[in-house]
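Enquirer: Here is my input; please provide its structure:
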Amino acid sequence: MSDPRVLVQALRERLSRWSAEYYQDDSPSVSDSEFDRALLELRQLESDHPELLTPDSPTQRVGAAPLAGFEPVTHRVPMLSLDNAFSADDLLDFDRRVRERLALAAVQYVCEPKLDGIAVSIVWEKGQLVLAATRGDGQTGEGITQNVKSIDCVPLALSGTDFPDYLEVRGEVYMPKAGFEAFNKRALAEGSKPFVNPRNAAAGSLRQLDSSITRRRPLAFCAYSLGHIEGAAKPFSSHSEVMQQLAQWGIPVSEYGRRVDRIEDCEAYYEELAAERQDLSFDIDGIVFKVDDFALQEALGSVSRAPRWAIARKFPAQEEMTILREVEFQVGRTGAVTPVARLDPVFVGGVTVSNATLHNADEIARLELMQGDSVIVRRAGDVIPQIAAVVADRRPGDAQPIVFPANCPACDSVLVREAGEAVWRCEAGLVCPAQRKASIAHFVSRRAMDIDGLGGKIIDQLIEKNLVSTVADLYTLDRETLAAMERFGDKSAENLISAIEKSRETTLARFVYALGIREVGETTARQLATYFGALEPLLSASKEMLQEVEDVGPVVAEHVIHFFEQPANRETISRLLQGGIHWPLPQADTGDLPLSGQAWVVTGKLETMPREKAEAVLRGFGARVSSSVSGKTSVVVAGPGAGSKLKKAQSLEVSVISEEEFLARLAAWRA
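Expert: Got it, this is the predicted structure:
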């Protein structure tokens, strides 16, 4: 039985190599469907074993890493992805969450077709196109200015007047169906390789280092949002207003965009466009719904990868029939044992599927699944494939029952199932080699301690040679020991030791995230670090105190307490600190700063600086900055567009100051 950690690492390395072959070398060694299959398999493994998921995984990239052949471009405002809805109920749930957060009876939405292309950012300064970039990983993209300039419908100079000094527009570059068909027909006639679909055609065309090649491709562009803006004549109040103005400046927008007054109208729009889908001149894979009012968008905010005020309603799932050959049981970092179905490969929803998630033992029982069954595999959008049903009348005579193991597949420890949970777990902890490897891989990942060069194969070697049993052992390694290992030399050993040394200086948020506490992701770790300010009070925090932290409920609080109660975890933390891991002490603890002990909230869009910078300045003067207003809030800084947070502050009689007053106070603090 394959170790899921080994499979995940192998898939990530394979996908990285294939991406380089396709995008950088222009010499792919596998088909698009094979690439998609590997990516899907990785997504499934990470879904079945969430403890293996790392922020730098190919599945977590909003797009892809920048190409070495293009100059990197840092997005001044991150380019986020969208959450998905796959049914009318999902859409209603989205609307319910929106209205509950805003405390409104109804919300106006904007409906737009979701073009199947590649997301880009285009910047005009004083009306002239000066920069274009791909989405990349959401933070940094590829500079493709010359390629975008070659697209006929993208204006090199804006029309009209009163456009901002700096205007960033986000949108989709795509290849219309007619252009795609004509291009492939010409490619076949010339003996060239045709594209599989219009989306791949658009992506491949836009990533040409030679813009004259892009120029010959029939590409189009459609704007769907704004990015960073400076020097606007007046602020925009809504998405629909923005789309109207962009059209007046000569920037293409969707002719199918529509503003509606309630969520039922969104569903009606979805049904209407779904019926017309095949007749459209371009490919779409769903509909995007956005809260129209910008003040409401600001009040709703975003999670780490997606805004709370928008959702993509995907078209119906596609299903195919195949045969279940076997079920593997994989062990994750937290000990969760997850069954994974191995299938005869089948083409579903544009990709080849050979694996499907089975979630847990209850799901196997619900499906009445047996090894050898013919099954219906469903794939909706980009989600992990799942077995939707068993075709009972096609069950072979030699079909075998699927028996969930009583012992851990990795260490043979007895599995346990807590009351109220569907998951069976191995509670051997770091004694279990599967959990130990996953814990170390998580600890060294880029968003955690960021120890560059410490990949899965090296971790395997370190564990096999008994050089590392816990993450604290990483800080006892020396160059000579590493240099003697397989595939290591003096230089690579020196580089890894340097990366380990560099990781000793970190932040409390990164450290808490790196510990791998169950249910504590990057955002929760940052909130815990911000609230407690130091490790010691977090170690001894009660359940009630933990639940005062934003988004920390009773379940997460229990996991935090349980983790810190374990003697082995306490010992590991102590050894890590003794090994030199440290972070800046919170200035607010000195008691000497002007805002020590105060809680501040910044809301709305500040005109003189990004909100993140204002929050950093406040922290520098000792304040605790929160994303929500409560009775404990000391001051709220309200910029233009401030919405529900401002109203709540006023209702609680919390002090509210303008951006102008904030700047005046800032000058006084600095004096």
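Enquirer: tell me the pLDDT at residue 324?
Expert: Predicted confidence (pLDDT) for residue 324: 95.
Enquirer: so where do the strands sit in the stretch 451-600 of the chain?
Expert: Using DSSP state E, counting those that start in this stretch, the strands of the stretch 451-600 of the chain run over residues 599-603.
Enquirer: can you check the stretch 301-450 of the chain too?
Expert: Counting by DSSP E, counting those that start in this stretch, the strands of the stretch 301-450 of the chain are 310-314, 318-331, 336-348, 351-357, 370-371, 374-379, 386-390, 400-401, 415-416, 424-426.
Enquirer: would a markdown table of these with distance to residue 227 be doable?
Expert: C-beta coordinates here come from the backbone N, C-alpha and C atoms, glycine included. A markdown table is the format used below for these (distance: least, CB to CB, whole Å):
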| stretch | distance to residue 227 |
| --- | --- |
| strand 310-314 | 15 |
| strand 318-331 | 33 |
| strand 336-348 | 35 |
| strand 351-357 | 31 |
| strand 370-371 | 51 |
| strand 374-379 | 32 |
| strand 386-390 | 36 |
| strand 400-401 | 55 |
| strand 415-416 | 49 |
| strand 424-426 | 44 |
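Enquirer: Of the ones you listed, which is nearest residue 479?
Expert: strand 318-331 (32.9 Å; CB to CB).
Enquirer: Kindly format the C-alpha coordinates of that closest one as PDB.
Expert: As requested, the backbone C-alpha atoms of strand 318-331 are provided in PDB (Å, rounded to 0.1, in the frame of the first residue of the first chain):
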ATOM      1  CA  GLN A 318     -20.900  15.300 -15.300                       C
ATOM      2  CA  GLU A 319     -21.100  11.600 -14.600                       C
ATOM      3  CA  GLU A 320     -19.600   8.500 -16.100                       C
ATOM      4  CA  MET A 321     -19.600   4.800 -15.200                       C
ATOM      5  CA  THR A 322     -16.400   2.800 -14.400                       C
ATOM      6  CA  ILE A 323     -15.200  -0.100 -12.200                       C
ATOM      7  CA  LEU A 324     -13.900   0.100  -8.700                       C
ATOM      8  CA  ARG A 325     -10.800  -2.000  -8.500                       C
ATOM      9  CA  GLU A 326      -9.700  -1.600  -4.900                       C
ATOM     10  CA  VAL A 327      -9.900   0.700  -1.900                       C
ATOM     11  CA  GLU A 328      -6.700   2.000  -0.200                       C
ATOM     12  CA  PHE A 329      -6.700   3.400   3.300                       C
ATOM     13  CA  GLN A 330      -4.400   6.400   3.900                       C
ATOM     14  CA  VAL A 331      -3.300   8.000   7.200                       C
END
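Enquirer: Could you name the helices and strands sitting against it?
Expert: The contact analysis (3 or more CB pairs under 8 Å, 6 or more residues apart in numbering; DSSP states H and E) places strand 318-331 against strand 336-348, strand 370-371, strand 374-379, helix 433-444.
Enquirer: any idea which of these is most buried?
Expert: helix 433-444 (a mean of 24; mean count of other CB atoms under 10 Å).
Enquirer: next one: that one to chain centre, how far?
Expert: Here helix 433-444 is found 21 Å from its chain centre; the criterion is CA atoms, centre = their mean, to the nearest Å.
Enquirer: Export it to PDB, keeping only CA atoms.
Expert: Extracted C-alpha coordinates of helix 433-444, given in PDB (Å, rounded to 0.1, in the frame of the first residue of the first chain):
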ATOM      1  CA  PRO A 433       5.600   7.000  10.800                       C
ATOM      2  CA  ALA A 434       2.800   8.300   8.500                       C
ATOM      3  CA  GLN A 435       1.800  11.000  11.000                       C
ATOM      4  CA  ARG A 436       5.400  11.800  11.800                       C
ATOM      5  CA  LYS A 437       6.400  12.400   8.200                       C
ATOM      6  CA  ALA A 438       3.300  14.500   7.600                       C
ATOM      7  CA  SER A 439       3.900  16.600  10.700                       C
ATOM      8  CA  ILE A 440       7.500  17.400   9.700                       C
ATOM      9  CA  ALA A 441       6.500  18.200   6.100                       C
ATOM     10  CA  HIS A 442       3.800  20.600   7.400                       C
ATOM     11  CA  PHE A 443       6.300  22.200   9.900                       C
ATOM     12  CA  VAL A 444       8.900  23.000   7.200                       C
END
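Enquirer: Low-confidence regions, the stretch 201-350 of the chain specifically.
Expert: Low-confidence segments of the stretch 201-350 of the chain, defined by pLDDT under 70: 304, 316-318, 349-350.
Enquirer: now the helices: where do they sit in it?
Expert: Ranges of helices in the stretch 201-350 of the chain, per DSSP state H, counting those that start in this stretch, are 211-215, 239-248, 263-276, 294-300.
Enquirer: before we move on, what about the stretch 551-671 of the chain?
Expert: Counting by DSSP H, counting those that start in this stretch, the helices of the stretch 551-671 of the chain are 554-565, 567-578, 611-620, 644-651, 659-670.
Enquirer: try the stretch 401-550 of the chain
Expert: 433-444, 456-464, 479-483, 490-503, 508-514, 522-532, 535-539, 543-546.
Enquirer: for the shortest one, which positions count as buried?
Expert: Using 16 or more other CB atoms under 10 Å as the burial criterion, the residues of helix 543-546 that qualify are residue 546.
Enquirer: From the centroid of the protein, which residue is nearest?
Expert: residue 305 (4.2 Å; CA atoms, centre = their mean).
Enquirer: Dump the helices and strands packed on strand 318-331 into TSV; add distance to residue 568 as well.
Expert: Below are the helices and strands packed on strand 318-331 laid out as TSV (distance: least, CB to CB, whole Å):
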stretch	distance to residue 568
strand 336-348	19
strand 370-371	38
strand 374-379	41
helix 433-444	11
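Enquirer: and the end-to-end length of stretch 410-418?
Expert: Start-to-end span of stretch 410-418 (CA to CA, to the nearest Å) is 20 Å.
Enquirer: what does that stretch rub up against?
Expert: 3, 331, 337, 405-408, 423-428, 431-435 (CB atoms under 8 Å, 6 or more residues apart in numbering).
Enquirer: give the contact list for residue 373.
Expert: Contacts of residue 373 (CB under 8 Å, 6+ apart): 323, 324, 390, 391, 394, 395, 399.
Enquirer: hmm, try it at 6 Å
Expert: Residues near residue 373 by CB atoms under 6 Å, 6 or more residues apart in numbering: 324, 390, 395.
Enquirer: And residue 391, by the same measure?
Expert: Per CB under 6 Å, 6+ apart, neighbours of residue 391: residue 374.
Enquirer: Residue 229 and residue 163, how far apart?
Expert: 10 Å (CB to CB, to the nearest Å).
Enquirer: So between these two, which is more surrounded?
Expert: Neighbour tally, residue 229 and residue 163, criterion other CB atoms under 10 Å: the higher count belongs to residue 163, 24 against 19.
Enquirer: pLDDT weak spots in the stretch 501-650 of the chain?
Expert: Short version for the stretch 501-650 of the chain, where the test is pLDDT under 70: 585-592, 612, 627, 641.
Enquirer: Could I get the CA-only coordinates of stretch 113-132 as PDB?
Expert: Extracted C-alpha coordinates of stretch 113-132, given in PDB (Å, rounded to 0.1, in the frame of the first residue of the first chain):
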ATOM      1  CA  PRO A 113     -21.100  34.600 -17.400                       C
ATOM      2  CA  LYS A 114     -18.000  32.900 -16.100                       C
ATOM      3  CA  LEU A 115     -15.700  32.900 -19.100                       C
ATOM      4  CA  ASP A 116     -13.400  29.900 -19.500                       C
ATOM      5  CA  GLY A 117     -10.100  31.600 -20.100                       C
ATOM      6  CA  ILE A 118      -7.100  33.000 -18.200                       C
ATOM      7  CA  ALA A 119      -7.400  35.700 -15.600                       C
ATOM      8  CA  VAL A 120      -5.200  38.800 -16.200                       C
ATOM      9  CA  SER A 121      -4.600  42.300 -14.700                       C
ATOM     10  CA  ILE A 122      -4.200  45.300 -17.000                       C
ATOM     11  CA  VAL A 123      -3.000  48.700 -15.900                       C
ATOM     12  CA  TRP A 124      -3.600  52.100 -17.600                       C
ATOM     13  CA  GLU A 125      -1.700  55.100 -16.300                       C
ATOM     14  CA  LYS A 126      -3.100  58.500 -17.400                       C
ATOM     15  CA  GLY A 127      -5.100  56.600 -20.000                       C
ATOM     16  CA  GLN A 128      -2.200  54.700 -21.500                       C
ATOM     17  CA  LEU A 129      -1.800  50.900 -21.200                       C
ATOM     18  CA  VAL A 130       1.500  50.400 -19.300                       C
ATOM     19  CA  LEU A 131       1.300  46.900 -17.700                       C
ATOM     20  CA  ALA A 132      -0.400  43.600 -18.000                       C
END
